[in-house]
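J.: What shape does this take:
(one chain, ligands or ions: 1)
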Amino acid sequence: MASVLQLTDVSVVRDGNTILDSVSWTVDDDQRWVILGPNGAGKTTMLQIAAAAMHPTSGTAVVLQERLGKVDLFELRPMIGFASTAMARKVPKNEKVLDVVLTAAYSVTGRWTEEYEDMDIRRAQRVLAEWKLDHLADRSFGSLSDGEQKRVQIARSVMTDPEILLLDEPASSLDLGAREELLHLLSGYARESTSPAIVMVTHHVEEIPIGFTHALILADGAIVSAGPLAESLSAANLSTAFGLSIELDENDGRFTARAV
Ligand SMILES: Nc1ncnc2c1ncn2[C@@H]1O[C@H](COP(=O)(O)OP(=O)(O)OP(=O)(O)O)[C@@H](O)[C@H]1O
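T.: Alright, predicted model coming up:
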């Protein structure tokens, strides 16, 4: 077991606003974390630091054993899978699904005239099959449903065989069927011992895939709780974070929450 992410006293200040306030957090390579918290709590900012896409204003962030600020980010980033709507917006709408995934191997979006190696093409095809997208390989990205696009984003982010996988609200905007299909795939992936460490931001406890092991709850840029799911994801901690009385239920590894 090795740590893939270590934040120590990390603060982020932007335009005089403290977005993260002395956050300390460690993620090990066999852990699957969910980050929950109200709008504006700082969840995406945490992911940005984990993705080496942002530096802390103070404190230290060590990603894959490399301290941010002392490492060549272009070497580090291929080892980090990051699926987000912001990333998807950079993908040309007419890009073929196979190419959306394949181009991750070269850290670009939009295929031009590059030649790709057969090995990379075979890996992209395998990844598409794993995420139930093989029948869509020749379709344009822009023609896919939201649910299919979300799965392509994840397939692209695992194409490079990353050591940490970051997912920013992968189930947002999905209908019930598409959400359940995605959660089923994420559960299977989370439970494989060969999968990398996973950190997923979500707004809803209903979107926590079975197999996730840890929860970090954030409010106002500070950690309310962080640790194994059974301890950290509690009605009391959610109530503190959201500032209202919340009831939490668990059924066969899936969660539901409501205000009481
Ligand atoms: N460049 C910036 N300058 C000033 N404030 C910023 C900047 N970037 C983010 N913020 C603020 O920092 C806070 C945290 O933002 P962040 O996107 O990390 O929150 P979040 O928990 O992901 O929110 P949401 O659930 O709404 O996506 C928000 O109040 C946001 O407005």
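J.: Could you list the low-pLDDT ranges of the chain?
T.: In the predicted model of the chain, residues 106-115 satisfy pLDDT under 70.
J.: tell me, which helix in it spans the most residues?
T.: helix 176-191 (DSSP state H).
J.: Make sure I have this right: residue 128 is in a strand.
T.: No: counting by DSSP: H, G, I helix; E, B strand; the rest coil, residue 128 is not part of a strand but helix.
J.: Mind listing residues that contact the longest helix of the chain?
T.: Contact partners of helix 176-191, identified using CB atoms under 8 Å, 6 or more residues apart in numbering, comprise 32, 130-132, 145-147, 150-151, 154, 158, 167, 170-171, 174, 195, 198, 200, 207, 209-212. Every C-beta, even on glycine, is put in place using the N, C-alpha and C of the backbone.
J.: contacting residues around the residue positioned nearest the centre of the chain?
T.: Centroid-nearest residue in the chain, with CA atoms, centre = their mean: residue 167, separated by 1.5 Å. Contact analysis of residue 167 by CB under 8 Å, 6+ apart lists 83, 84, 154, 157, 186, 198, 199, 200, 201.
J.: Where does the stretch 51-200 of the chain get nearest to the ligand, which residue?
T.: residue 169 (7.3 Å; CB to the nearest ligand atom).
J.: before we move on, the earlier item: tell me the SS of the residue nearest to the centre of the chain?
T.: Per three-state DSSP, residue 167 ends up strand.
J.: Am I right that residue 138 is in contact with residue 100?
T.: No: in this structure, residue 138 is not within contact of residue 100 by CB atoms under 8 Å, at 11.6 Å.
J.: Please, where are all the helices along this structure?
T.: 43-50, 73-76, 85-89, 97-102, 118-130, 146-158, 176-191, 229-232, 235-242.
J.: Provide the contact partners of the second one at residue level.
T.: With CB under 8 Å, 6+ apart as the test, helix 73-76 has contacts from 52, 63, 64, 66, 107.
J.: so how far is it from its chain's centroid?
T.: Computed by CA atoms, centre = their mean, to the nearest Å, the chain-centroid distance of helix 73-76 equals 18 Å.
J.: now the last one
T.: Taking the mean C-alpha point of helix 235-242 and that of its whole chain, the gap between them comes to 22 Å (CA atoms, centre = their mean).
J.: if we can go back for a sec, please indicate which of the contacts of helix 73-76 are buried?
T.: Neighbour counting by 16 or more other CB atoms under 10 Å classes 52, 63, 64, 66 among these as buried.
J.: Those residues also near the ligand: which ones?
T.: Contacts with the ligand are made by none of the buried ones among the contacts of helix 73-76, judged by CB under 6 Å from any ligand atom.
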